[in-house]
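Chemist: I'll drop the sequence and a predicted model, then ask my questions.
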Amino acid sequence: MRAIRRFTVRPVLPEPVAALGELAGNLRWSWHPETQDVFAAVDPERWESTGRDPVRLLGEVGSARLEELSTDAAFLERLDAAAADLRHYLDAPRWYQRTVGEDGPQGIAYFSPEYGITAVLPQYSGGLGILAGDHLKTASDLGVPLIGVGLLYRHGYFRQSLSREGWQQERYPVLDPDGLPLTLLREVSTGSTDPGEPVRIEIGMAGGQTLAARVFLARVGRVPLLLLDTDLEENPAELREVTDRLYGGTTEHRIRQEILLGIGGVRAVRAYCRITGAPAPEVFHTNEGHAGFLGLERIRELTVAESGPGLSFEAAVEVARAGTVFTTHTPVPAGIDRFSRDLVAQYFADGEGPVPGVPADRLLALGAEDYDGGDPGVFNMAVMGFRLAQRANGVSQLHGEVSRGMFSGLWPAFDETEVPIGSITNGVHAPTWVAREVLELVAREGADLDAGGPDAWDVVDRVPGDVVWSLKRQLRERLVHDVRRRLAKSWSERGATPAELGWVDDVLDPDVLTIGFARRVPSYKRLTLMLRDPERLRALLLHPERPVQLVIAGKAHPADEGGKRLIQEIVRFADAEDVRHRIVFLPNYDIAMAQPLYPGCDVWLNNPLRPYEACGTSGMKAALNGGLNLSILDGWWDEWYDGENGWAIPSADGVEDPDRRDDLEATALYELIENEVAPRFYDTSHDGLPLRWIEMVRHTLKSLGPKVLATRMLRDYVRDLYVPAARSARDINHDFAGAVELAGWKSRVRSAWDGVRIDHVDSAGVSDVAQVGDQLSVTAYVSLGELAPEDVEVQVVHGRVRGTEDTLADPVVAPLEHAEAYEGGRHRYAATVPLDRAGPFGYTVRVLPRHARLTAPAELGCVTWAE
Ligand SMILES: *Cc1c(COP(=O)(O)O)cnc(C)c1O
């Protein structure tokens, strides 16, 4: 028999244990071990069998047990303590209230297409989602007033298993929102028992169709997460499926998802604030280009006269820009989100569609690749992201640099170094990713990780070596057991009988050097680099004195046949009888697998093709658990590898032939493991402790611990982006006069810029042979045409010169003073430049637009250089 409909009946909790519902209803339990203990105490076996899912646990445990707990004084005491702790966590002032306060935005809306918060809410595929989850949790811990916005995918991401032959199989389990830790956002109906109508969001789509969505609310500690869902009977069938799955389907499916996320998302935030009284966000943060349409909805709000201020399109753009932050996440050009211009035009036709009233030609121009090398047939979401955000960043220093190069076409008159894209290096949420025992150990020693000091982890120096070592062994052993359990399950899914699986009990050894390697499987991550020379790998695994063991995991995109072949290669190698006790591939890499994996590894391996790893975070999670990184100098590792906190695999940058490059890098990897990593791990003193290894573990924690924490990342976002964006937004928004003025000024400056010329530059004050200590006087004669001296800044750019082109390296920029005005818009400017360094020196002069509301020299794209 098959049911035609299914839904989940939620349990009624007896009054004394009602707080269990409160604890299950806030995802803070997922990073709070004491709350997990309370759930475990409800029914230890069910806690495990439900995959540690409080909602399922309470649904399955049955009323007899709940009644029993209702009279269990010891349990009730723990429950009350956990509930009181949660309430305190939600209400008490935290870092943001104490140190940022009124200066900072009262609300920040954070948009992301995926969120990896806990294994029981599988709404993520990989790093982007995990990062978004960590961002929300950390915002909650620090009291940053974030509102998360995303989509609720009916299928989440796929579950991976293997066929007998090692080929990836995908399953898309159907998620029932009633069985998830979510509530429906409803209109309040004060004073009545009626729960209120569900909030309904409507968006005009192509061809006059209307897409309706409801909004689910997940509570991530203090942070509300709004998830839009289109699975409503009133939607036409193809629109009902808009939120069917994460990253699947046609381009048209994707544009609908992105319209829903960006435009529907802003409407959901407005509804949430109206209903709860939460302050309207002053800052909007788009995590990757997918949510970029949110800027269009904000422009619509500002241009309509009936419900808004009725600004011009240009003034509305200035308002939207001032408060918007855009984070780009990929250095792979093919990873940039682009649509055909025609498709966008079809959805955003004048007068109808998602943002009626916003002129279609203006809107299309926002995503146009109208620069050298751009494709005129394309609408580029990242390009729109930069145009609609006054502040933009990449996710590591190296990625910032690569992004400035990738998008320099948008600011063609400027050097790459001045392209206005900064960087904030990612971080990870320690309470989610660090083994409880590690956190408890450093807390006992007095570490205050929340305070964020650079010496927060120095307490590890006080922990004796044998304590460090036995803790690492305990974590390794836990991983070994988890691996055996997962492997047995995987093999039975692959068709093996229990009788064939005796060997699984001896897979891995809790005393062998353990290397972890888990990732998605796009080609740049090079899953199979270690298989370049299979015999060499086999020798490392089977070394008689210094063996290594490898735990590997990763999902290929369902449409990526090449990626699936790589997985199959690894699986086939790992299936071989002679090595299968030392190398395993575990299917279905997810948060639940990751949590014991990072702490259990001694070494975390990462070998992407430089510079395609924007940041990478898994190595950070390993480091916080005392794991040593063995990685290509890419992403975050390029920035923070210091020679002592792990190993750098030399990358053969510049070697054109990819096969040869792989050979070189694989050889370097084998050599490092054989000659550096394994000898150090097995080099023990008379009491059996590998002292030099333990020193490296300590150094890793001390040097990387403070940097890789998401609290550091979030403080950086607040200080460098959110607070300045709120300031710009307030400055421009209070009566919109600032925006109108700025838009008018920009348009005047742009059209008059052709009249700006540097007529002549003179310098004096340096004797025949310039020497250190001389003062160089620079004078520039500039024609401003219709512009006034207040509209511009004239600068001298000086520094060391290099090469035959006389390129200025690391130039210093200094303003020239306005000295005299002449007839006909001509002006003299002057400055002195001290020559304080010996060697080749050069300078040039340029004119830039100047306005108090600009944030970067290149913002307008206008500049005139001396010839
Ligand atoms: C951390 C994590 C990722 C992202 O790892 P990267 O190193 O950034 O690629 C992906 N999936 C899971 C389950 C993770 O925990």
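Modeler: Thanks, I have the structure now. From a predicted model like this one, the values you see are computed outputs, not experimental measurements.

Chemist: quick check, Tyr822 in contact with Arg828.
Modeler: Yes. Between Tyr822 and Arg828 a contact is recorded at 7.3 Å, counting by C-beta atoms under 8 Å. In this view, the C-beta of every residue, glycine as well, is placed from N, C-alpha and C.

Chemist: show me which of these two is the more surrounded one.
Modeler: Taking other C-beta atoms under 10 Å, Tyr822 and Arg828 do not tie; Arg828 has more neighbours (19 against 10).

Chemist: and that one, bridged to which residues?
Modeler: The residues paired with Arg828 through beta bridges, assigned by DSSP bridges, are Tyr781, Glu820.

Chemist: thinking it is in contact with Glu817, fair?
Modeler: No. With contact taken as C-beta under 8 Å, Arg828 and Glu817 are classed as non-touching, separated by 9.7 Å.

Chemist: so, low pLDDT: which residues of the stretch 151-300 of the chain?
Modeler: Scanning the stretch 151-300 of the chain for pLDDT under 70 picks out the ranges 189-192.

Chemist: residue boundaries of the helices in it?
Modeler: Residue ranges of the helices in the stretch 151-300 of the chain, as given by DSSP state H, counting those that start in this stretch, are 237-240, 251-259, 265-276, 294-303.

Chemist: need the pLDDT of Asp642.
Modeler: The predicted structure scores Asp642 at 97 on the pLDDT scale.

Chemist: what's the weakest-modelled helix or strand in the chain?
Modeler: Confidence across the helices and strands of the chain bottoms out at strand 807-815, with a mean of 90, counting by mean pLDDT, DSSP states H and E.

Chemist: same for that one, what does it pack against?
Modeler: Under the contact definition 3 or more C-beta pairs under 8 Å, 6 or more residues apart in numbering; DSSP states H and E, strand 807-815 sits against strand 792-802, strand 826-834, strand 841-849.

Chemist: count the neighbours of the nearest residue to Gly799 once chain neighbours are set aside for me.
Modeler: In space, not counting the residues next to it along the chain, Gly799 is nearest to Pro811; the distance is 4.1 Å by C-beta to C-beta, 6 or more residues apart in numbering. Burial of Pro811, expressed as a neighbour count using other C-beta under 10 Å, amounts to 20.

Chemist: before we move on, what about Glu569?
Modeler: Here the neighbour count serves as a burial measure; for Glu569 (other C-beta under 10 Å) it reads 16.

Chemist: what's the pLDDT at it?
Modeler: Per-residue confidence for Glu569 comes out at a pLDDT of 97.

Chemist: residues contacting the residue lying closest to it once chain neighbours are set aside?
Modeler: Computed as C-beta to C-beta, 6+ apart, the closest residue to Glu569 that is not its neighbour in sequence is Thr528, at 5.3 Å. Residues touching Thr528, when contacts are defined by C-beta atoms under 8 Å, 6 or more residues apart in numbering, comprise 566, 569-570.

Chemist: okay, now the domains of the protein?
Modeler: By the assignment in automatic domain parsing, the chain contains the domains 15-89, 93-426+717-733, 471-684, 751-865.

Chemist: export those domains to TSV and tack on distance to Ala739?
Modeler: Output for the domains of the chain, formatted as TSV (distance: least, C-beta to C-beta, whole Å):
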stretch	distance to Ala739
domain 15-89	38
domain 93-426+717-733	4
domain 471-684	33
domain 751-865	9
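
Chemist: relative to Lys707, which of those domains is closest?
Modeler: Lys707 sits nearest to domain 471-684 of all these, at 5.8 Å, using C-beta to C-beta.

Chemist: ranges for the helices of the stretch 501-650 of the chain?
Modeler: 534-541, 561-575, 591-600, 618-624, 635-640.

Chemist: for the last one, packing partners?
Modeler: In terms of contact count using 3+ C-beta pairs under 8 Å, 6+ apart, helix 635-640 is assigned the packing partners helix 397-406, helix 618-624, helix 691-708.

Chemist: what's the answer for the second one, then?
Modeler: When contacts are defined as 3+ C-beta pairs under 8 Å, 6+ apart, helix 561-575 sits against strand 168-171, strand 583-586.

Chemist: now the first one: how far from the chain's centre is it?
Modeler: What separates the centre of strand 168-171 from the centre of its chain is 26 Å, taken as C-alpha atoms, centre = their mean, to the nearest Å.

Chemist: for the residue of the stretch 601-750 of the chain found nearest the ligand, give me its contacts.
Modeler: Taking C-beta to the nearest ligand atom, the ligand has its nearest neighbour within the stretch 601-750 of the chain at Ser618, 3.2 Å off. The neighbourhood of Ser618, defined by C-beta under 8 Å, 6+ apart, consists of 127, 518-519, 594, 598, 604, 606.

Chemist: what's the longest helix in this structure?
Modeler: Determined from DSSP state H, the single longest helix within the chain is helix 465-493.

Chemist: that one vs helix 561-575, what angle?
Modeler: Helix 465-493 and helix 561-575 are oriented at 110 degrees to each other (axes from the mean of the first three to the mean of the last three C-alpha atoms, to 10 degrees).

Chemist: now Ser631: closest residue in space that isn't a chain neighbour?
Modeler: Leaving aside its chain neighbours, Ser631 sits nearest to Asn606 (4.0 Å; criterion: C-beta to C-beta, 6+ apart).

Chemist: residues near that neighbour, how many?
Modeler: Asn606 is flanked by 24 other residues according to other C-beta under 10 Å.

Chemist: do the same with Ile515
Modeler: The burial count assigned to Ile515 is 25, neighbours taken as other C-beta under 10 Å.

Chemist: next, the distance between the ends of stretch 458-467.
Modeler: For stretch 458-467, the separation between the terminal residues is 16 Å (C-alpha to C-alpha, to the nearest Å).

Chemist: check stretch 495-504 too.
Modeler: Using C-alpha to C-alpha, the span of stretch 495-504 from its first residue to its last is 15 Å.

Chemist: count the neighbours of the nearest residue to Arg387 once chain neighbours are set aside for me.
Modeler: Closest residue to Arg387 apart from its sequence neighbours, by C-beta to C-beta, 6+ apart: Leu366 at 5.2 Å. As a burial measure, the neighbour count of Leu366 was computed by other C-beta under 10 Å and equals 22.

Chemist: residues contacting Leu366?
Modeler: Counting by C-beta under 8 Å, 6+ apart, Leu366 has contacts 295-296, 383-384, 387-388.

Chemist: centroid-nearest residue for this protein?
Modeler: Nearest to the geometric centre of the chain sits Leu131, at 3.9 Å (C-alpha atoms, centre = their mean).

Chemist: Leu527 contacts Val521, correct?
Modeler: Yes. The pair formed by Leu527 and Val521 meets the contact definition of C-beta under 8 Å, at 5.2 Å.

Chemist: if we look at the ligand, which of the contacts of Ser618 are close to it?
Modeler: Counting by C-beta under 6 Å from any ligand atom, 127, 519, 594 from the contacts of Ser618 sit close to the ligand.

Chemist: show me where pLDDT drops low in the protein?
Modeler: In the predicted model, the chain carries pLDDT under 70 at residues 4-9, 189-192, 767-768.

Chemist: what residues does it have near the ligand?
Modeler: Taking C-beta under 6 Å from any ligand atom as the contact definition, the chain meets the ligand at 126-127, 130, 519, 589-591, 594, 616-618, 621.

Chemist: now those in CSV, with distance to Ala268?
Modeler: Supplementary listing: the residues of the chain next to the ligand in CSV, determined by distance: C-beta to C-beta, whole Å:
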residue, distance to Ala268
Gly126, 25
Gly127, 25
Ile130, 23
Arg519, 32
Tyr589, 31
Asp590, 27
Ile591, 25
Ala594, 30
Gly616, 31
Thr617, 28
Ser618, 31
Lys621, 31
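
Chemist: tell me where the stretch 151-300 of the chain has strands.
Modeler: Residue ranges of the strands in the stretch 151-300 of the chain, as given by DSSP state E, counting those that start in this stretch, are 159-162, 168-171, 183-184, 200-204, 210-220, 223-229, 283-287.
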